[in-house]
Each structure stands twice: as structure tokens, then as C-alpha cells.
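A.B. asks: Need the 3D shape of this:
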Amino acid sequence: MLVYVVALIGAGVWAGRLSRRKGNAESTKGYFLAGRHMPVWAVTISTLATAQSAATFVAVPQDAYDGSLVYLSASIGSVLAGFILAVVFIPAYYRLGVSTPYQVLEKRFGNRARVATSVAYLFGRVFASGARLYIGAIPLTIALFGERTPSSLAVVLLAFTIFAILFTLRGGLESVIWTDVLQVCVYLGAGVAVLVFLWYSIPGSAGDVFKALSTGRSDGGSKLAIIDPGIDTSQSPWINFAAPFTLLTAVTGWTLLNLAALGTDQDLAQRLLTCKDAKSGARSAIASTLVGLPAVALFACIGLLLWVFCTQSQLMGRPTPEYVQGNTADMFMRVVLNEMPAWLVGLVLAGVLAAGPAGHNATLNSMASTLIADVYRPLRAGRSEAHYLFVGRWMVVGCGVILCVFAVLCAIWQAKSGENLISFVLGVMGFAYAGLLGVFLTALLTNRGTTTSAIAAMITGFVVVLLLQPLVIKPVMGAVFGVVRGAELAQTFTLASPWRLCIGVACACAVCMLPRGKAKDSLMKSTRG
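C.D. replies: Next comes the predicted model:
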């Protein structure tokens with residue numbers, strides 16, 4: 001742990017000095033866009049670090065432990081989204097010379113639409129990053145306090161927030177990107193070490209392990225399954241709308257989610273705008289989705305071996321350990337603390353820090369940059385760069401406090417939702433992404449829409465996703481159809497988070513495109529012209 005902390009601080013100091021030598025710490029463009037001189041490989045790794053974070057480190061093993069490898073099929077959507085970004089979104093952003101994606105909408109729908117989308121992004125980022133911060137705090141809470149309680153979780157979240165704020169204030173986005181490179185190496189290295197330890201700790205042969213996994217699911221199916229078509233003609237309806245990870249959701253909902261995350265979310269899009277030109281930004285977008293595949297597979301395989309290690313007493317040649325009980329989200333750290341040597345425990349905790357609080361440096365940077373560029377600067381035009389930079393640093397602090405509060409609320413929300421960690425955190429993103437993506441697709445691909453319809457579309461996307469939430473749809477149907485009948489209908493029409501996002505994006509697009517726009521062409525065509 002000490003080695004990691006020293007290395008992280010050293011990397012931050014080095015990157016901060018590098019940024020100051022280039023003059024990036026003296027202007028908002030340098031502080032928030034790293035002077036647009038970052039290499040493709042560094043941007044790729046930094047984008048990967050932010051896109052995965054603690055959700056990959058903690059939640060993916062839980063999903064494989066409880067089910068199978070079907071979460072890997074969602075990577076099809078991320079790769080498809082990467083190519084769409086490289087062809088449609090990134091070139092348009094660079095041709096327009098914007099520092100945030102929301103400045104694009106100002107050119108299409110006017111300043112009010114830009115401010116509205118910025119606020120929608122900030123709202124959604126609080127949801128998404130707050131959920132991820134909560135997940136990242138789980139392992140360290142168990143390691144420090146032995147159990148997960150609301151009070152112990154709040155203490156760890158507060159420490160995470162202070163760490164992220166102080167680190168973000170040090171050197172801007174360039175410092176964040178370079179330290180992201182170190183953090184990815186640490187948390188992937190920890191993952192590889194855990195995988196190797198679990199594999200050699202299982203006394204049975206490889207054939208025995210695969211045999212146990214081939215029939216290990218609760219329904220008797222294989223835990224090694226990667227593709228679930230999501231269609232069963234023997235049931236009605238044919239499509240399993242309650243399953244979050246199927247081939248259908250991969251090419252629909254998960255493609256839309258990744259498109260929204262990388263193309264409309266400043267937290268990720270900001271990195272792609274730090275490259276020297278559109279081609280470099282496009283290569284970074286594609287590379288980050290491809291590099292993410294083996295990283296996700298690594299932690300999914302850890303989940304499978306954890307299942308063997310914890311539940312297959314006959315294969316392990318010993319009784320099931322006493323700590324194998326309760327929430328499966330805690331199983332990863334329980335095994336680490338009870339079974340692994342001290343050096344590996346330290347490495348895993350360093351990986352948790354790298355994937356958790358340290359990964360939120362860029363989130364605070366992107367939220368503050370959006371507030372400055374899209375909200376504060378238009379309201380307080382004509383001030384000096386030093387003034388905007390000073391206000392931006394205070395906004396970093398404010399955003400950190402808000403994220404910490406929402407992360408505590410996520411602990412309660414997730415417990416009542418009944419979803420596992422990965423489904424919960426991905427579902428939370430849909431609240432803001434539905435409206436944002438609907439407006440961006442309308443602006444880039446059509447010539448329809450007005451300022452009013454764009455704002456209405458963002459509200460529509462949020463409301464539709466909210467109404468489709470399991471915690472909302474059940475009482476609504478109960479009030480309309482009666483308690484018993486409403487509960488039956490709610491169970492029948494349960495929608496997994498990717499389907500909720502699809503419906504939300506479709507409704508937002510329809511609302512945004514309803515009126516005829518003033519533009520002669522779509523934004524993509526007009527910028528090419």
C-alpha cells in the first residue's frame with residue numbers, strides 16, 4: 001500500500017510539473033484539455049480507466065459468481081459504439097473546435113440547449129459516478145472495518161472524496177491522464193495476481209474445474225456461457241426483456257449506453273478531445289473499447305474461480321468456509337482477507353484505490369470544466385483566465401461533496417432495487433443518457449428540432465427511464481390495476497436496464513425531432529461542408 005501511495009504521489013507531482021512547464025496550469029484550456037497534445041496510447045488507457053473503474057474490479061466478479069460470463073457479450077456494444085464514435089461524433093467535435101460536447105448543441109439549438117444539456121450531464125454524472133464511488137468503497141470498508149455498515153461505508157466514502165479532491169486540484173487533466181496510466185497497471189496487475197492465486201489454490205485438475213463450471217448455474221446451465229440470444233420461442237413473449245446481458249441487448253441498449261458514455265459524457269469525451277486531431281481522437285475511441293475486452297474478461301474469470309473456491313467443497317477438499325455467506329458482492333474481499341498472503345492483500349487494496357477514488361479525479365475535473373465552460377463563463381463573460389481557473393478549482397470541491405452524498409444514498413437505493421452491482425450501476429447511467437443521446441443523435445444526423453424540443457427531449461428521457469424503474473412501475477401498476485393484478489403485470493413487464501435505455505432514447509429522439517428545425521442540414525453534413 002505504501003509503495004503504491006508513494007508511486008501515485010510521485011506520478012502526480014511529476015505530471016503536475018510537466019503541465020506547469022507547458023503552461024497548462026495557467027489556462028482553462030490547458031487545465032481541462034491538457035493543451036490537446038496527449039498521445040493516443042495514454043488517452044486510450046485513461047479512457048479505459050474511467051470507463052471501467054471500481055464497477056469492473058468489484059461488480060464484474062460478482063456477476064460471474066452469481067451467473068455466468070454473459071456480461072462479456074455487452075462488450076459487443078462497446079466495440080460497435082467505438083466505431084460509430086470514430087466516424088460520426090469525434091470528427092464533428094474536432095471540426096467545430098469544442099472543449100465540451102455540449103458546445104456542439106449550442107451551434108445547433110442555441111445557448112439555452114447547451115446549458116440544459118450541461119446540467120443534464122452533471123445530473124447524470126452525479127448518478128453514475130456516485131454509484132461507482134459507492135461500489136469502490138465496498139472492498140476497503142470490509143478490509144478496514146470487517147463488515148459493511150452505513151456508518152463505516154460513509155467514513156470510507158469521505159476519505160475517498162478528500163483524496164480525489166486534493167489530487168484533482170494538483171495538476172488538471174494532464175496530471176489525471178498520466179496517473180491513470182499508473183492506476184490501470186496497478187489494478188490490472190492486482191487482477192492477474194488474484195487470478196493466478198485462485199487457480200493454483202484449487203487442488204482439482206483443470207478438467208475438474210471446467211466440469212464444475214459447465215453445470216454450475218442455479219438452473220443447471222453452464223457458467224462458461226458467453227452468449228445468451230435473449231430469445232425463447234417456447235415462451236411468451238419470445239424476447240426475455242428481464243435479462244440484462246443478451247445478444248439483443250448488446251447490439252441495442254449496451255451500444256447506446258457506450259455511445260452516450262463516450263460521445264456525450266464529458267467525463268469520457270473530454271479525454272478524446274485532448275488528442276492533437278480528430279484521427280488521433282478516433283483511434284483512441286476505438287482502441288479503448290478493444291483494450292477493455294481482455295480487462296473485463298480477466299475480472300469475470302476471477303468471479304468464476306471465486307465461485308469454485310467458495311462453493312465447491314468437494315473439489316476443494318475442505319468444508320465450505322464460514323465467511324461464505326451474505327451478500328455475494330462482498331465475497332471477493334472476504335476471500336482476499338481470509339485466504340491470501342499479506343503482500344497480495346496490499347496489492348488488491350492498492351488496486352481498489354486505483355479503480356475507485358483515484359479514478360474519480362477525472363470525474364471531478366470534467367464536472368468542473370463543464371460548469372465553467374457551459375454555465376459560469378457565459379454568465380460571467382470577460383473575466384480573466386485566472387478568475388475562471390480559481391472558480392473552477394472551487395467547483396472541483398463542490399462536485400466532490402455532492403458525489404460523496406449521493407454515493408451514500410446509492411447504498412440504500414441498490415439494496416432496495418434487488419439488482420446486483422453491475423446491473424445497478426449501468427442502469428443508473430440511463431437516467432441522463434437517454435435524453436442526452438436522443439438530442440445528440442437528432443443534432444448530428446437530422447436537421448429537425450428546436451431549443452424547446454431539445455430541452456423537452458432531455459426531460460422526456462429522464463422521466464421515461466424513471467417510470468420504467470422496478471421500484472416505480474410496481475406501485476404505479478398497483479394503483480391503476482389493484483395490488484395483486486398490478487404486481488403480476490409489473491413482474492410480466494419487468495424491463496432490464498438496456499431496454500429501459502432504448503425506450504428512453506427513442507422517446508427523447510421523437511420529442512426532439514417533432515418540430516421542423518431551422519438548419520438546412522444535419523450538423524454532421526454542415527461541418528463537412
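A.B. asks: buried stuff in the helix or strand hosting P294?
C.D. replies: Here P294 sits within helix 278-311, counting by DSSP states H and E. Neighbour-count burial for helix 278-311 flags 278, 280-289, 292, 295-310 (criterion: 16 or more other CB atoms under 10 Å). Where you see a C-beta, it was placed from the backbone N, CA and C, and this is true even at glycine.
A.B. asks: Likewise for stretch 320-337?
C.D. replies: In stretch 320-337, counting by 16+ other CB under 10 Å, buried: V324, T328, A329, D330, M331, F332, M333, R334, V335, V336, L337.
A.B. asks: Run through who's touching whichever helix or strand comes after the helix holding P294.
C.D. replies: Downstream of helix 278-311, the first helix or strand assigned by DSSP H and E is helix 313-316. Contacts to helix 313-316, defined as CB atoms under 8 Å, 6 or more residues apart in numbering, come from residues I202, P203, G204, D208, V209, A212, V308, F309, P319, T320.
A.B. asks: Mind putting the residues you listed into JSON lines with pLDDT?
C.D. replies: Output for these, formatted as JSON lines (pLDDT from 0 to 100):
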{"residue": "I202", "pLDDT": "91"}
{"residue": "P203", "pLDDT": "90"}
{"residue": "G204", "pLDDT": "80"}
{"residue": "D208", "pLDDT": "91"}
{"residue": "V209", "pLDDT": "92"}
{"residue": "A212", "pLDDT": "92"}
{"residue": "V308", "pLDDT": "92"}
{"residue": "F309", "pLDDT": "91"}
{"residue": "P319", "pLDDT": "86"}
{"residue": "T320", "pLDDT": "85"}
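A.B. asks: Count the neighbours of S205 for me.
C.D. replies: Counted with other CB atoms under 10 Å, residues neighbouring S205 total 10.
A.B. asks: Give me the distance between it and M316.
C.D. replies: Applying CB to CB, to the nearest Å, the value for S205 to M316 is 13 Å.
A.B. asks: Also W413?
C.D. replies: W413 is 36 Å from M316, where distance means CB to CB.
A.B. asks: just to revisit the earlier point, would you mind giving the buried residues of stretch 320-337 as TSV with secondary structure and pLDDT added?
C.D. replies: Listed next are the buried residues of stretch 320-337 as TSV, based on DSSP: H, G, I helix; E, B strand; the rest coil; pLDDT from 0 to 100:
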residue	secondary structure	pLDDT
V324	coil	84
T328	helix	82
A329	helix	81
D330	helix	83
M331	helix	86
F332	helix	87
M333	helix	86
R334	helix	88
V335	helix	90
V336	helix	89
L337	helix	88
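A.B. asks: which among those gets closest to F163?
C.D. replies: When the buried residues of stretch 320-337 are ranked by distance to F163 (CB to CB), M333 comes first, at 19.1 Å.
A.B. asks: Could you list which residues are in contact with that closest one?
C.D. replies: I138, P139, I142, A143, V348 are the contacts of M333 under CB under 8 Å, 6+ apart.
A.B. asks: What of D66?
C.D. replies: Shown in contact with D66 (CB under 8 Å, 6+ apart): T328, N420.
A.B. asks: per-residue pLDDT, it?
C.D. replies: For D66, the model assigns a pLDDT of 91.
A.B. asks: can you check A510 too?
C.D. replies: A510 carries a pLDDT value of 95.
A.B. asks: can you check G77 too?
C.D. replies: Reported pLDDT for G77: 93.
A.B. asks: what's the answer for F481, then?
C.D. replies: 65.
A.B. asks: repeat for A49
C.D. replies: Note for A49: predicted pLDDT of 72.
A.B. asks: what does S214 give?
C.D. replies: Listed pLDDT for S214 reads 91.
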